[in-house]
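Trainee: Below are the sequence and a predicted model; questions follow.
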Amino acid sequence: MRILLVTLLAGLALGCKKAEVQAVQKAAADAKSGDTAVTKYVQGLQQDVVKAQDAVKKTNAATAESVQAADAVLQEADKGAEPSGQ
């Protein structure tokens, strides 16, 4: 908004015609619109990062469970493989 006001005041100070001031206003509005698009894009990226972090957490939890299960199986196998006191 500040940029728009400064631009308009500068345009008026230089004696710009009404059409030129309108062109400057349109350019400022387009810039703001572009900023909004960039903001939305960045927000989308942030949401993607959050989703990816959640997926990593779930994968890590599943991996930990798999490791625990495999460890339990190996411990049982070790118990079965121990000599019976011969």
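Mentor: Arrived safely.
Trainee: counting contacts, what elements does the helix or strand hosting Asn60 pack onto?
Mentor: Following DSSP states H and E, one finds Asn60 within helix 18-81. Judged by 3 or more CB pairs under 8 Å, 6 or more residues apart in numbering; DSSP states H and E, the packing partners of helix 18-81 are helix 2-13. C-betas here are computed from N, CA, C, even on glycine.
Trainee: How many residues are close by Lys57?
Mentor: Around Lys57 sit 10 other residues, with neighbours defined as other CB atoms under 10 Å.
Trainee: Number the residues from 8 up from this point.
Mentor: Shifting the count to begin at 8 puts that one at Lys64.
Trainee: separation between it and Lys58?
Mentor: 11 Å (CB to CB, to the nearest Å).
Trainee: Can you check which residues contact both of those two?
Mentor: With contacts taken as CB atoms under 8 Å, 6 or more residues apart in numbering, Lys64 and Lys58 have no neighbour in common.
Trainee: re earlier: what is the mean pLDDT for the helix holding Asn67?
Mentor: Taken as a whole, helix 25-88 has an average pLDDT of 85.
Trainee: Now do the most centrally placed residue in the chain against Glu83, distance only.
Mentor: Averaging the C-alpha coordinates of the chain gives a centre point, and the residue nearest to it by CA atoms, centre = their mean is Gln53 (1.5 Å). Note on Gln53: its distance to Glu83, by CB to CB, is 46 Å.
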